[in-house]
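Participant: Pasted the sequence and its predicted model underneath.
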Amino acid sequence: MVKKAWSEFEQKIENTNDWYKRKGIGIVEKIPNGTMTKRVNGLPVIVPTNKTGCDFIGHIRGIPVAFDAKSTENKTSFPFGSKKSPMVKEHQKEFLKSFKNTGGQAYLMIQFNKLNKVFLVDIDVYLSAELKQLRLNKKSFPLSFFEGMEVPERLYFLDYAKLIIEV
């Protein structure tokens with residue numbers, strides 16, 4: 001069975017969080033998304049039961065941290081959304097912004113699957129830049145926007161703490 005890029009990305013984040021816990025760097029946990037299984041035309045379908053504001057929450061060296069993980073197949077830009085829905089939902093933006101406004105650090109961790117690159121973007125930076133791009137009728141961030149935000153990879157870990165605090 002071939003693993004999807006998203007599940008590998010999420011697993012790498014969870015491996016990193018386990019590594020941070022073992023090293024005493026911090027505790028960051030995945031927030032389970034509430035789901036239930038319904039039958040549609042006799043087939044089981046998993047549907048969300050509630051919205052969560054982010055995928056991961058915890059602390060790094062005592063700094064409260066929350067982030068949502070996103071990924072794209074695009075090689076040259078990160079789209080704001082598709083025809084179906086926005087990449088970063090409004091309730092996620094609101095949660096991350098509120099988390100930061102009340103003393104935590106809030107980010108989007110964005111993976112470019114085909115480039116095998118991951119970036120950690122502060123929510124304020126993302127929201128401000130998104131607004132500017134939308135005013136210019138742009139529908140994505142070019143890859144160059146993420147310069148200086150790349151998450152260093154160590155073995156099987158995404159060492160994002162290095163972008164949050166000196167560890």
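Facilitator: Sure, I can see it. Just so it is clear, the model here is predicted, and its values are computed rather than measured. Numbers count the residues shown, from 1 in each chain.

Participant: And residue 27, which helix or strand is it part of?
Facilitator: strand 26-30 (DSSP states H and E).

Participant: Tell me what residue 29 is bridged to.
Facilitator: Beta bridges link residue 29 to residue 57 when assigned by DSSP bridges.

Participant: List the contacts of it.
Facilitator: Applying C-beta atoms under 8 Å, 6 or more residues apart in numbering, we find residue 29 in contact with 17, 56-58. To be clear about C-beta, it is placed using only N, CA and C from the backbone, and glycine gets the same treatment.

Participant: Find me the pLDDT at it, would you?
Facilitator: The score at residue 29 is 95. That number is its pLDDT.

Participant: Ok, residue 38 next?
Facilitator: pLDDT, read off for residue 38, is 76.

Participant: Show me what it is bridged to.
Facilitator: Residue 38 has these beta-bridge partners by DSSP bridges: residue 45.

Participant: if I look at it, how far off is residue 91?
Facilitator: As judged by C-beta to C-beta, to the nearest Å, residue 38 and residue 91 stand 22 Å apart.

Participant: Low-confidence bits of the chain, can you list those?
Facilitator: For the chain, the stretches flagged by pLDDT under 70 are 1-6, 34-36, 46-50, 166-167.

Participant: at 80 instead, please
Facilitator: Counting by pLDDT under 80, the chain contains low-confidence residues at 1-7, 32-39, 44-52, 82-84, 166-167.

Participant: Look through it and tell me its longest strand.
Facilitator: Ordering each strand of the chain by length in residues (DSSP state E) puts strand 63-72 first.

Participant: That one pairs with which strands, and in what direction?
Facilitator: Assessed with DSSP bridges, strand 63-72 is paired to strand 56-60 (antiparallel), strand 105-112 (parallel).

Participant: where along the protein do the strands fall?
Facilitator: With DSSP E as the criterion, the chain has strands spanning 26-30, 35-40, 43-48, 56-60, 63-72, 77-79, 105-112, 117-122, 140-142, 153-154, 157-158.
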